[in-house]
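**Student:** Below are the sequence and a predicted model for it; my questions follow.
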Amino acid sequence: MHIAQIRERLRQAGAAPVHERHLLQLWAQGPARTRQRDPENFLPRPLREILPQLQAELAELLTLRSAHGSEDGSERLLLALRDGQMIESVLLPREGLCVSTQVGCAVGCVFCMTGRGGLIRQLGSAEIVAQLVLARQRRSVNKVVFMGMGEPAHNLDAVLEAIELLGSSGGINHKKLVFSTVGDPRVFERLPQGRVKPALALSLHSTDAALRAQLLPRAPRMTPEELVACGEDYAQRTAYPIQYQWTLLEGINDGEAEFEGLVRLLKGRYAVLNLIPYNAIDALPYQRPSWERARAMARALHERGVLTKLRQSAGQDVDGGCGQLRARAAGLKKGGAVRTVENGL
Ligand SMILES: C[S@@+](CC[C@H](N)C(=O)[O-])C[C@H]1O[C@@H](n2cnc3c(N)ncnc32)[C@H](O)[C@@H]1O
Ligand code: SF4
């Protein structure tokens, strides 16, 4: 289901813009954060009559299958969609939420569990917002990162529709909506046009175009230089720094050549580089470098003029890693310890 379809049903039942705004806010933020209105005096009768059915349909968009709390305060949720497909959301420490945008993903990054099975289906914009609705029933949320299962650029209309709603009726500050992508020309064209302009995270992972193409086999063929040029342009336009995501893979993208490549590309940019040690996935041959090595790399980059953050691992005690809960539930993956990191990946 898409938000445009919800709006259409409301309008057909006589909703004026003020009614539409109120009802969407009630859905996205819940009654506790929405101004109390007496439906009898506020909503036209035909609208009141369709509401129970519509509300039931919205409530059925997602069902909580299981919740996996972690010592650090994050909580990973396995959610079933109406057709039985499953996705993951992660409640993050400090009122954050990581949402999925697709079931599966076509990009096929070699280190990502979600990418291993290809794209299964797109999420509707209402299914994206429903993840926030469900999360808010468990705790307060004031930041939403699009870093769960799926590539937002491959479901762009639905993701932008959800972002528009979250940044208006959903009550989330625009800079606390983080669109995470491998980079796609359509993203750089469409994001600046939106009324709600989210913060942007670009999953870079390598400054070497050939290596990046191996690691992210079906990402659009933008070179690292092109990505950084487009990222810088968006950062300047929105007056908000770009985040570059770098999943650290031992012996692959943690060496001297990448270090110099990062200095060359990112020094002096309006950007933050997030180094995120790889989360181990059973059956994949990759390793994360030692924490000491990762910290030394972050420090050295910082000294060379690249604002760098090493993301502290979190949720180590729960079954984590993007797409791994779903894979386990769907019987796609054998048991075994897995790890997760702070930003819900
Ligand atoms: C799951 S993706 C979703 C958003 C978008 N598709 C992207 O790639 O930016 C979010 C981030 O998770 C990272 N990621 C995926 N698998 C990972 C793993 N096993 N360990 C660490 N980071 C991982 C990706 O590199 C990406 O930066
Ligand atoms: S890291 Fe992102 S783009 Fe790559 S396969 Fe996973 S979800 Fe898709």
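**Tutor:** Happy to help now that I have it. Ligands and ions are numbered 1, 2, ... in the order given.
**Student:** mind listing the helices in the stretch 101-250 of the chain by residue range?
**Tutor:** According to DSSP state H, counting those that start in this stretch, the stretch 101-250 of the chain carries its helices in the segments 113-116, 125-136, 156-167, 185-190, 209-215, 224-238.
**Student:** which bits of the stretch 1-150 of the chain sit near ligand 1?
**Tutor:** By C-beta under 6 Å from any ligand atom, the residues of the stretch 1-150 of the chain that approach ligand 1 are 111, 112, 114, 147. Placement of C-beta: from N, CA and C, glycine included.
**Student:** who wins for most neighbours among these?
**Tutor:** residue 114 (29 neighbours; other C-beta atoms under 10 Å).
**Student:** Wait, it touches residue 325, no?
**Tutor:** No - taking contacts as C-beta atoms under 8 Å, residue 114 lies outside contact range of residue 325: 10.9 Å.
**Student:** Over in the chain, which residue gets nearest ligand 2? Let me know.
**Tutor:** Scanning the chain for the residue nearest ligand 2 gives residue 115, at 2.6 Å (criterion: C-beta to the nearest ligand atom).
**Student:** pretty sure that residue is touching residue 149, no?
**Tutor:** No - using C-beta under 8 Å, residue 115 is not in contact with residue 149; the gap is 9.4 Å.
**Student:** of the two, who's got more company?
**Tutor:** Applying other C-beta under 10 Å to residue 115 and residue 149 shows that residue 149 carries more neighbours, namely 26 against 23.
**Student:** Identify the residues contacting the closest residue to that one other than its chain neighbours.
**Tutor:** Residue nearest to residue 149 in three dimensions, not counting chain neighbours: residue 100, with 3.9 Å by C-beta to C-beta, 6 or more residues apart in numbering. By C-beta atoms under 8 Å, 6 or more residues apart in numbering, the contact set of residue 100 is 87, 88, 89, 123, 128, 131, 148, 149, 150.
**Student:** same check, this time on residue 236
**Tutor:** Counting by C-beta under 8 Å, 6+ apart, residue 236 has contacts residue 270.
**Student:** Quick one, grab the pLDDT at it.
**Tutor:** Looking at residue 236, its pLDDT is 97.
**Student:** ok, so what distance separates it from residue 23?
**Tutor:** For residue 236, the distance to residue 23 equals 37 Å [C-beta to C-beta, to the nearest Å].
**Student:** and what of residue 125?
**Tutor:** Separation of residue 125 from residue 23 (C-beta to C-beta) stands at 16 Å.
**Student:** rewinding a little: of all pairs in the contacts of residue 100, which one is the farthest apart?
**Tutor:** The span of the contacts of residue 100, defined through C-beta to C-beta, is set by 88 and 128 at 13.0 Å.
**Student:** re the thing from before, which of the helices of the stretch 101-250 of the chain has the lowest average pLDDT?
**Tutor:** helix 113-116 (a mean of 91).
**Student:** List the contacts of the residue positioned nearest the centre of the chain.
**Tutor:** With distances taken as C-alpha atoms, centre = their mean, the residue of the chain nearest its centroid is residue 146 (1.4 Å). Neighbouring residues of residue 146 by C-beta under 8 Å, 6+ apart: 98, 99, 101, 152, 159, 177, 178, 179, 180, 198.
**Student:** again, only using 7 Å
**Tutor:** Contact analysis of residue 146 by C-beta atoms under 7 Å, 6 or more residues apart in numbering lists 99, 101, 152, 159, 178, 179, 180.
**Student:** Any idea how many residues pack against the closest residue to residue 129 other than its chain neighbours?
**Tutor:** Nearest non-adjacent residue to residue 129, counting by C-beta to C-beta, 6+ apart: residue 162, 5.3 Å away. The tally of other residues near residue 162 (other C-beta under 10 Å) stands at 32.
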